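Engineer: Everything below, folded, please.
(one chain, ligands or ions: 1)
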Amino acid sequence: MKSIFLIGFMGAGKTTVGKSLAEKLRFELIDTDHSIEIEQGKAISEIFEVDGESAFRDLEVQQLKKLRNSENSVISTGGGIILRSENCKILKETFSIYLKADFENIFKRIKEDKTRPLLLTDDPYSTAKNLFQSRQDTYESFKYHITTDFKNPSEISDEIISLYNLHAQN
Ligand code: S3P
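Structural biologist: Model prediction:
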């Protein structure tokens, strides 16, 4: 069966939903950030610091190209994967779901996290909000969206499975 790609902003729930979804479908769970870290032998924060954001985005492109034809996997992507138009093109050719959440809820989840290099600024709230707004249109351009606010991972994964079955029939 075709893999399922989860997209959405940092803290939207891609990892927790991915775990639940993979368990329910008995699919493998792949996290593009984690795969990049293993392959590079470096944490994402170190790649940003030493090689720069653009080098990280190149690695995301390479990772997605490797996974585009994968099967029986749930692929949780980094929030910024949609910044490269070639990634959007690939993701739109696969079964991708945008996990959509309210910014204030997102910020509550990400504010204490020091592993996300883009948020290590003097004003993480404004930084995150600007990033969120600047990416909104691109996320919205995807066909399938699921709102994650006030739902648990199991409920969200059930909704994804319904959409997935519907998509498979078309
Ligand atoms: C990023 C999101 C992160 C990670 C990197 C950059 C982004 O992944 O890829 O810190 O640009 O939004 P998560 O969405 O899993 O936090």
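Engineer: For the rest of this, base every contact and every neighbour count on C-alpha atoms.
Structural biologist: Noted.
Engineer: quick one: the helices in this structure?
Structural biologist: Counting by DSSP state H, the chain has helices at residues 14-25, 32-40, 44-46, 53-67, 85-93, 103-110, 124-140, 153-169.
Engineer: can you redo those as CSV with mean neighbour count and distance to Ser73?
Structural biologist: Converted to CSV, the helices of the chain look like this (neighbours: other Cα atoms under 10 Å; distance: least, Cα to Cα, whole Å):
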stretch, mean neighbour count, distance to Ser73
helix 14-25, 20, 7
helix 32-40, 15, 12
helix 44-46, 17, 22
helix 53-67, 16, 9
helix 85-93, 16, 14
helix 103-110, 15, 25
helix 124-140, 15, 21
helix 153-169, 15, 13
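Engineer: With the ligand as the reference, name the closest of those.
Structural biologist: helix 32-40 (5.5 Å; Cα to the nearest ligand atom).
Engineer: sorry, back to before: reformat the helices of the chain into TSV and put mean pLDDT next to each item.
Structural biologist: Below are the helices of the chain laid out as TSV (pLDDT from 0 to 100):
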stretch	mean pLDDT
helix 14-25	97
helix 32-40	97
helix 44-46	96
helix 53-67	98
helix 85-93	97
helix 103-110	94
helix 124-140	97
helix 153-169	94
